[in-house]
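> Following is a predicted model, sequence given first.
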Amino acid sequence: MSKKGSVSRRPGFGSRAGIALFLLPGVGTYAVFMLYPTIQSFLYSVIEWQLLKPVWRFEGFHNYVQLLHDPILLMALGNNFRAWVLHAFLALPLAVLLSYALSRRAHAAGFFRLIYYIPNVCGGSILALIWRFLYTQEYGINAVLKLVGLGSIIRPWLSADGIVQWATNFPQTWARVGFWTVVFLAAMSSIPEELYEAAQLDGANAWREVIHVTLPGIRGVYLSANIMAVIGSLGSYIYQYIMTKGGPLHRSETVMTYTLDTLFTKNDWGYGSTLAVFQFCLGAVLSLLISRFARKGLRSMEGVS
């Protein structure tokens with residue numbers, strides 16, 4: 001029994017041992033499922049290793065030299081860039097406008113939130129199958145165009161070079177609009193109503209309210225959304241894989257689909273791991289650069305305001 005007035009020294013939940021105990025499951029899971037595969041990918045990228053014929057022969061940086069002269073990778077990066085363009089310049093602005101309309105006109109807003117969010121409830125593979133049907137030559141979009149007398153603009157959406165790259169990226173952009181609409185709606189709930197009333201007294205129309213009230217009010221969330229747009233565009237693959245499998249002639253390939261094809265179809269784990277390492281490093285560098293510029297932009301906007 002401790003003396004009166006003495007301080008108990010029993011280790012509690014706030015001690016170092018307690019903190020380490022609580023961190024152990026998360027750190028252990030991360031180490032097993034993230035850290036170990038990452039290290040293994042780095043190892044495979046500098047050796048010749050195939051799944052069916054394991055050969056542990058050190059190749060140095062031969063795979064990385066091949067990476068620099070790979071025309072398929074260049075096409076894949078172009079498609080990832082298109083995915084980012086559609087996400088950043090179509091999905092996010094459209095989500096802002098939709099969320100503004102729902103927040104300012106609350107009639108049946110809950111119903112429309114549900115409608116916009118439905119694509120995010122369905123799996124990406126299901127949506128990809130639906131869009132593959134819509135892009136077929138005889139049905140879907142082409143059938144509607146023919147019905148309304150616009151048969152002259154019917155195209156083979158999933159086989160024509162210059163079209164398939166955008167056609168395979170558009171469905172995932174469409175699916176993300178609903179998600180960001182709900183996110184921006186939640187962010188707009190923190191904007192004081194007095195700011196909109198003051199803007200209306202100054203004669204501001206809806207467009208000026210969006211520019212001068214809504215966007216400054218959600219700027220932090222909007223900048224974070226742009227960072228996630230970069231990360232999401234680098235990881236896009238499910239729509240391209242299901243609709244075209246990267247074809248025709250790798251025209252709709254992304255870095256992820258090319259990596260998966262190299263790993264599991266060609267069974268070339270050496271070069272496939274090199275592609276995975278490249279994608280990991282590219283995503284990390286772009287995320288750091290964008291977050292740095294985003295913080296600078298956010299501080300400058302706060303200084304102006």
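Thanks, I have it.

> what's around residue 271, how many residues?
If you count neighbours by other Cβ atoms under 10 Å, residue 271 ends up with 24. For every residue, glycine as well, the C-beta is placed using N, CA and C.

> secondary structure class for it?
Classification of residue 271 by DSSP: H, G, I helix; E, B strand; the rest coil places it in helix.

> could you measure it against residue 120, distance?
Residue 271 sits 34 Å away from residue 120, going by Cβ to Cβ, to the nearest Å.

> can you check residue 174 too?
Counting by Cβ to Cβ, the gap from residue 174 to residue 120 is 11 Å.

> do residue 282 as well
Using Cβ to Cβ, residue 282 is found at 26 Å from residue 120.

> same deal with residue 112?
Distance from residue 112 to residue 120, by Cβ to Cβ: 14 Å.

> Which residue ranges of the stretch 201-305 of the chain form helices?
Secondary structure of the stretch 201-305 of the chain by DSSP state H, counting those that start in this stretch: the helices cover 206-209, 215-217, 219-234, 238-243, 255-260, 269-304.

> number of nearby residues for residue 189?
9.

> Spatially nearest residue to it (excluding sequence neighbours)?
Distances taken as Cβ to Cβ, 6 or more residues apart in numbering place residue 103 nearest to residue 189, at 7.5 Å, with adjacent residues excluded.

> List the buried residues for the helix or strand harbouring that neighbour?
Taking DSSP states H and E as the definition, residue 103 sits inside helix 92-104. Across helix 92-104, burial judged by 16 or more other Cβ atoms under 10 Å covers 92, 94, 95, 96, 97, 98, 99, 100, 102, 103.

> List just the nearest of those to residue 261.
The closest of the buried residues of helix 92-104 to residue 261 turns out to be residue 92 (Cβ to Cβ; 30.0 Å).

> Please give me every residue in contact with the closest one.
Contacts here follow Cβ atoms under 8 Å, 6 or more residues apart in numbering; on that basis residue 92 touches 180, 222, 225, 226, 229.

> same question, residue 83
Residue 83 touches 169, 172, 173, 232, 233, 236, 254, counting by Cβ under 8 Å, 6+ apart.

> okay, now the fourth one: neighbour count?
Counted with other Cβ under 10 Å, the neighbours of residue 232 add up to 18.

> any idea how far residue 91 is from it?
For residue 232, the distance to residue 91 equals 10 Å [Cβ to Cβ].

> any chance of the helices of the stretch 201-305 of the chain in CSV, with mean pLDDT and distance to residue 137 too?
Converted to CSV, the helices of the stretch 201-305 of the chain look like this (pLDDT from 0 to 100; distance: least, Cβ to Cβ, whole Å):
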stretch, mean pLDDT, distance to residue 137
helix 206-209, 87, 40
helix 215-217, 88, 42
helix 219-234, 87, 28
helix 238-243, 93, 14
helix 255-260, 94, 23
helix 269-304, 78, 33
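
> Most neighbours among the contacts of residue 92, which one?
Going by other Cβ under 10 Å, residue 180 tops the contacts of residue 92 with 25 neighbours.

> Please, which helix or strand holds that one?
Applying DSSP H and E, one finds residue 180 within helix 164-188.

> What mean pLDDT does that helix get?
Averaged over helix 164-188, pLDDT sits at 92.

> Quick check: closest non-adjacent residue to the spatially most central residue of the chain.
Nearest to the mean C-alpha position of the chain, counting by Cα atoms, centre = their mean, stands residue 232 at 1.5 Å. Closest residue in space to residue 232, ignoring its immediate chain neighbours: residue 87 at 6.4 Å, by Cβ to Cβ, 6+ apart.

> Helix, strand, or coil at that neighbour?
Applying three-state DSSP: residue 87 is helix.

> contacting residues for it?
Neighbouring residues of residue 87 by Cβ under 8 Å, 6+ apart: 173, 176, 229, 232, 233.

> Switch the residues you listed over to TSV; also include distance to residue 203.
Shown next, in TSV, are these (distance: Cβ to Cβ, whole Å):
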residue	distance to residue 203
173	35
176	35
229	34
232	39
233	39
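
> if we take those, which one ends up nearest to residue 47?
Of the contacts of residue 87, the one sitting nearest to residue 47 (Cβ to Cβ) turns out to be residue 233, at 30.2 Å.

> Do I have it right that residue 45 meets residue 64?
Yes. Shown here, residue 45 and residue 64 form a contact pair, counting by Cβ atoms under 8 Å, at 7.3 Å.

> Tell me which of these two has more neighbours.
Shown here are residue 45 and residue 64; by other Cβ under 10 Å, residue 45 has more neighbours (24 against 15).

> quick one on the thing from earlier: got the angle between the helix holding residue 180 and helix 219-234?
150 degrees (axes from the mean of the first three to the mean of the last three Cα atoms, to 10 degrees).

> all helices for the stretch 1-150 of the chain, in order.
In the stretch 1-150 of the chain, the helices defined using DSSP H, counting those that start in this stretch lie at 16-30, 36-44, 62-68, 71-86, 92-104, 109-121, 124-134, 140-147.
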